[in-house]
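Novice: Below is the structure, and that's it, no one-letter string:
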């Protein structure tokens, strides 16, 4: 076994830790501003790559991220594994039964949402290849690529957007998800055909054989393997170490599926993706197993892969305004129009159709992977890749606000969203009225409401009906003129009587202010809080916490 | 970024999946026969390596696991990362406070357990270098290596042995753990000195500077970084995504620590190990985070690393009986005598001292890593490596039975150990006496007891005081002439009245037979069962299970 030398090991470790550090930091930053973390991760890669680091410190950049040699191979091995495991986890999220349930509407939207971008993309590329970086020699493979790359959506980003906006479980949300799943699935089948069209690889199979074998492979995985896993998992979980064996088994089968699709001439990640769908479907794949895989992949492998994209291209040198504009305009318009049209046909109203259109316009991983494959096969230029990455960033960033605007739906908040270390105070106030006044003053500062009005409302409510619950919890509350609920948590040294059911007196005082224009929110938040503190032992542990950070981190962990 | 070609990706994926598959399969096999899974993993590597696969199918072996070229680098990158993350998790297990608590005894045992093997090893290697594969030109580095490699123990294997035998939390167990931790820690410091002695690497630091920097680095990690992590974790957990951010942060710092120790001329894994100790110490590092890292590392990275050991050597060609005998004899004897002597000095009795000696004789990861480093630096021959791997396998396999024999202590079983799909029956029996008779018949078959005697005992107990607990659970039981408790679970279609506290009637009937010579066991098992079924919702879910496999896997998952 060839060994990495000591200097290569050092560079390798430093390179990977920097990729992880910058990728995760930017990912978290974007998450904080309610964007998909993948955007931050791609940007981190652009900063570390030839675009920024390479233009200021070319020698350091080349030392850390060389384009050839042992270190380049080492980093490439890791990112290859990373994207394969990433696709496994993405596959987990696809629930084929949803597609079948939503049936017709999803099919129509999924179909128009693919056909319109594909046909227009293919047509425009055929008529004006130059605006996509092609030339007069560009052939149908190039046109095909343009069509496909405009047609594929980004399941993980769309799912996250819908969840963030609390639309995921609505009928609209389910229809969008079903359409996206159909879109992704069909898109990938076509993508695999595309890969066999490229045909630059020296495989033994003919093109039409590849297509046939691919279809057989997909059917095999989604029927026999899917059922086999479903049957086999309880056996393995009851007899072998758990969840260890399940994790290993999934990894092994993922790698083998990936190897198989690579052998038959389509990309390794396709096999991992289809296997993810097959395995993720089983109810026997326990939450804990998914969680372990998900966390490890999301926090280690995914950032490494997304950062590696930015390392490969110079986003300034390869920036061509015409191509970028063409990809952005045709990409977004055809998708929004295609999906919107489908939605209208399927019977949705105007604003709902726009919601669906904007939601499905989000692009992501698959787009980029497709582009990388096409680039490595020499079909497209680095200018087009850069444009496609920009489309991904642009469409992902715009998707969430647009959907939020058109959906205009009532948001249901989670207590988790309201927890804030700065809103936790440890105090030794012993008088109820003083306490409420103190809390209202603090809340007034954060909400720009007037302290006296706030106090009148909260104290009035308290006098009318005391708000002690049980297990040391009390929730004074009021509906006020704000857009977003606010939660303050005061921890008392000694109990104050809020007339709780269990006569215990209260030490955990949660002041809850919620939007007056939406009474549902207050009810919902009160119920959530009562649920969280339903065990006495939980309250007792909360009271043991010494700092706001500890307290918030403890509550977060347990809800 | 240099890309792996399609054929290399295929081979890479196949190679890794085969390594994982065989490693995990053998690991599970050895786990089933109550051995450390690492033994199975190493053996899997021997089978896949030149020893077996290579001697029958040399071309296939070279295709899959070549010793040079792109694929060799790719596999080496993964195993390099694997061993680094493995050492992080091993470091987690080390609790420095235990060493301080157990104080004097641990120090004495740890010290003699190191000094005796080291001095004898060094001396014998000096006097008779040939029996360890050296020659008349062997110098002090070689002697030093022999001494050190005999002196280091294997914390993870010892910890697992003690847990398996339920000695971990006993005073004896804690003393052993403390001594091992001291041993490992001191051993590694000496190991780092050894690495700087090798001095083959072109580093800027002088040898004594390396030692100084190493000590400073260790102190820095164990004081400032340790405290910093402890303070910083609640902050990061309350503000950033959780547990994602913690996982990423730990990985990044591990990689950086590893890179640093590699730069100063000692091995990367040393940095990962020390960082693991520093980070694992914080109570803010939550169980869930540890679990995710632990599971992923144990089930993916660790097998890859252990399998890769076997890939590098031919265990038949490099098998030298003299060297193997020398390593086995001197390795085991010096360790057992050294630790036993220390135990006597520290005031332990004879059989306790033997227990300690055999427990600490277990070798593992560190030994092998040390040997690989020495081999790569040209200090030792492949014959010695093979002998050391055999010592590791031999001492690990013998440690557990020997400790069990000398400790001769009362084992406390866990319900988990007794769960067995073959002991779960779904039945529609509606009469209590018939049910008990049926269960006693089944139990008699498994225990070689006489059915009638068994029935008399169990039914007698039942008539005297019915065994209904609550939440549909009843536990008929008896103390009988067996060595190991037996648990049968019968799930009834309809309830039978066992006079449970909650008047619900019983549908989950657990027949518990425990050894008559140890009354404590029955009490303990009854308490465990009652605890497991303490929530009504849990019982209800158990009753929803359709097959024995599902049921066992559900219970396992929740205890």
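Specialist: Okay, I see it. Bear in mind the structure is a predicted one, so any value in this text is a computation, not a measurement.
Novice: Okay, buried residues for the longest helix seen in chain A please.
Specialist: The single longest helix within chain A, with elements called by DSSP state H, is helix A:96-127. Residues of helix A:96-127 classed as buried: A:96, A:98-99, A:102, A:105-118, A:120-122, A:124-126 (neighbour count, 16 or more other CB atoms under 10 Å in any protein chain shown). Any C-beta I mention is one placed from the backbone N, CA and C, and that applies to glycine too.
Novice: repeat for stretch A:26-39
Specialist: Buried, per 16+ other CB under 10 Å, within stretch A:26-39: A:26-31, A:35-39.
Novice: Likewise for stretch A:474-494?
Specialist: For stretch A:474-494, burial by neighbour count (16+ other CB under 10 Å) applies to A:474-480, A:482, A:485-492.
Novice: and the longest helix of chain A, what does it pack onto?
Specialist: helix A:140-151, helix A:171-198, helix A:321-345, helix A:350-360 (3 or more CB pairs under 8 Å, 6 or more residues apart in numbering or on different chains; DSSP states H and E).
Novice: For the residue of the stretch 351-500 of chain A found nearest chain B, give its distance to residue B:477.
Specialist: Chain B sits closest to residue A:421 of the stretch 351-500 of chain A, with a gap of 5.5 Å, by CB to the nearest CB. In this view, residue A:421 and residue B:477 are 51 Å apart by CB to CB, to the nearest Å.
Novice: again, but for residue A:419
Specialist: 47 Å.
Novice: Residue A:20 now?
Specialist: 54 Å.
Novice: for chain B, what are the nearby residues on the stretch 151-300 of chain A?
Specialist: Contacts of the stretch 151-300 of chain A with chain B, taken as CB under 8 Å from any CB of the partner chain, map to A:201, A:234-235, A:237-245, A:247-249, A:251-252, A:255-256, A:258-259, A:262-263, A:268, A:284, A:286, A:288, A:291-293, A:295-296, A:298-300.
Novice: And for the stretch 1-150 of chain A?
Specialist: Counting by CB under 8 Å from any CB, the stretch 1-150 of chain A sits next to chain B at A:1-4, A:6, A:9-10, A:12-14, A:16-17, A:20-21, A:24, A:28, A:31, A:37, A:65, A:67-70, A:72-81, A:84.
Novice: Just the pLDDT for the residue in the stretch 401-550 of chain A positioned nearest to chain B.
Specialist: The nearest approach of the stretch 401-550 of chain A to chain B comes at residue A:549, 4.0 Å away (CB to the nearest CB). In this model, residue A:549 is scored at 87, pLDDT.
Novice: residues near it, how many?
Specialist: Residue A:549 is flanked by 21 other residues according to other CB atoms under 10 Å in any protein chain shown.
Novice: I'd assumed residue B:235 was in contact with it.
Specialist: Yes - taking CB atoms under 8 Å as the definition, residue A:549 is a contact partner of residue B:235 at 5.3 Å.
Novice: Per-residue pLDDT of residue A:111, please?
Specialist: For residue A:111, the predicted pLDDT is 89.
Novice: what kind of secondary structure is residue A:487 in?
Specialist: strand (DSSP: H, G, I helix; E, B strand; the rest coil).
Novice: So which elements touch the worst-scoring helix or strand of chain A on mean pLDDT?
Specialist: Least confident helix or strand of chain A, by mean pLDDT, DSSP states H and E, is helix A:155-164 with a mean of 72. Counting contacts by 3+ CB pairs under 8 Å, 6+ apart, helix A:155-164 packs against helix A:171-198, helix A:350-360, helix A:382-407.
Novice: ok, 6 Å please
Specialist: helix A:171-198, helix A:382-407 (3 or more CB pairs under 6 Å, 6 or more residues apart in numbering or on different chains; DSSP states H and E).
Novice: and the longest one with helix A:155-164, angle?
Specialist: Going by axes from the mean of the first three to the mean of the last three CA atoms, to 10 degrees, helix A:171-198 is angled at 170 degrees with respect to helix A:155-164.
Novice: tell me the angle helix A:171-198 makes with helix A:96-127.
Specialist: 50 degrees.
Novice: ditto for the last one
Specialist: Here helix A:382-407 points in a direction 130 degrees away from that of helix A:96-127 (the same axes, to 10 degrees).
Novice: average pLDDT for helix A:382-407?
Specialist: Computed over helix A:382-407, the average pLDDT equals 86.
Novice: With stretch A:444-459 instead?
Specialist: 88.
Novice: thinking again about what came up before, what's the per-residue pLDDT of the residue of the stretch 351-500 of chain A closest to chain B here?
Specialist: 85.
Novice: same deal with the one 3 residues further on?
Specialist: Predicted confidence (pLDDT) for residue A:424: 91.
Novice: For chain B, state which of the buried residues of stretch A:26-39 is nearest.
Specialist: Using CB to the nearest CB, the buried residues of stretch A:26-39 come closest to chain B at residue A:28, 5.2 Å.
Novice: shouldn't the closest one be in contact with residue B:240?
Specialist: Yes - the criterion here is CB atoms under 6 Å, and residue A:28 meets it with residue B:240 at 5.2 Å.
Novice: Quickly list the domain ranges of chain A.
Specialist: For chain A, automatic domain parsing gives the domain ranges A:71-407, A:415-557.
Novice: do you know which of those domains lies nearest residue B:56?
Specialist: domain A:71-407 (22.4 Å; CB to CB).
Novice: and the closest one, how far from the chain's centre?
Specialist: Domain A:71-407 has its C-alpha centroid displaced from the chain centroid by 13 Å (CA atoms, centre = their mean, to the nearest Å).
Novice: ok, the residue nearest to residue A:334 when sequence neighbours are not counted - contacts?
Specialist: Leaving aside its sequence neighbours, residue A:334 sits nearest to residue A:117 (CB to CB, 6 or more residues apart in numbering or on different chains; 3.8 Å). Contact analysis of residue A:117 by CB atoms under 6 Å, 6 or more residues apart in numbering or on different chains lists A:150-151, A:334-335, A:338.
Novice: ok, now residue A:172?
Specialist: So residue A:172 contacts nothing (CB under 6 Å, 6+ apart).
Novice: Distance check, it against residue A:105.
Specialist: When residue A:172 is compared with residue A:105 (using CB to CB), they lie 10 Å apart.
Novice: what's the answer for residue A:495, then?
Specialist: Taking CB to CB, one finds residue A:495 at 55 Å from residue A:105.
Novice: what's the answer for residue A:348, then?
Specialist: From residue A:348 to residue A:105 the distance is 8 Å (CB to CB).
Novice: Next: residue A:445.
Specialist: 48 Å.
Novice: Repeat that for residue A:139.
Specialist: Counting by CB to CB, the gap from residue A:139 to residue A:105 is 37 Å.
Novice: Check residue A:19 too.
Specialist: For residue A:19, the distance to residue A:105 - CB to CB - is 42 Å.
Novice: hmm, back to that, among the buried residues of stretch A:474-494, which one has the lowest pLDDT?
Specialist: Minimum pLDDT across the buried residues of stretch A:474-494 falls on residue A:482, with 83.
Novice: That one belongs to a helix, doesn't it?
Specialist: No - using three-state DSSP, the assignment for residue A:482 is coil, not a helix.
Novice: Show me which residues of the stretch 401-550 of chain A sit near chain B.
Specialist: Residues of the stretch 401-550 of chain A found near chain B (CB under 6 Å from any CB of the partner chain) are A:421, A:549-550.
Novice: Understood, closing this out.
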